[in-house]
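K.L.:
model the following, please.
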Amino acid sequence: MASIDKLAGPKVSRSAYIEQILRDFVDRRAQARKSAREVAAINRHAAELNSEMSDALSFQVNSADE
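P.N.:
Residues are numbered from 1 along each chain as shown. Prediction:
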């Protein structure tokens, strides 16, 4: 407990400090889960997205040649 009190500082109660740590932890976990879902969605559609990007880039190259 002394370590927590030291980290919290003299102006913050131990319970408020622990509560903030837990909130931050939960927020980071939620963000990590959201990011993982987004990466999974991108990976599921990677071939289609890469094909579309290739088409778009070839169009730009062909337009620049004209």
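
K.L.:
name the helices or strands packed onto the helix or strand in which residue 30 is found?
P.N.:
For residue 30, the element it lies in under DSSP states H and E is helix 14-44. Contact analysis of helix 14-44 by 3 or more Cβ pairs under 8 Å, 6 or more residues apart in numbering; DSSP states H and E lists helix 2-8 as its packing neighbours. No exception for glycine: its C-beta is placed from N, CA and C like everyone else's.

K.L.:
which parts of the helix it packs on are buried?
P.N.:
Buried residues in helix 2-8, counted by 16 or more other Cβ atoms under 10 Å: residue 8.

K.L.:
what packs against that helix?
P.N.:
Against helix 2-8 (3+ Cβ pairs under 8 Å, 6+ apart) you get helix 14-44.

K.L.:
what's the model's confidence in the helix it packs on, averaged?
P.N.:
The average pLDDT within helix 14-44 is 96.
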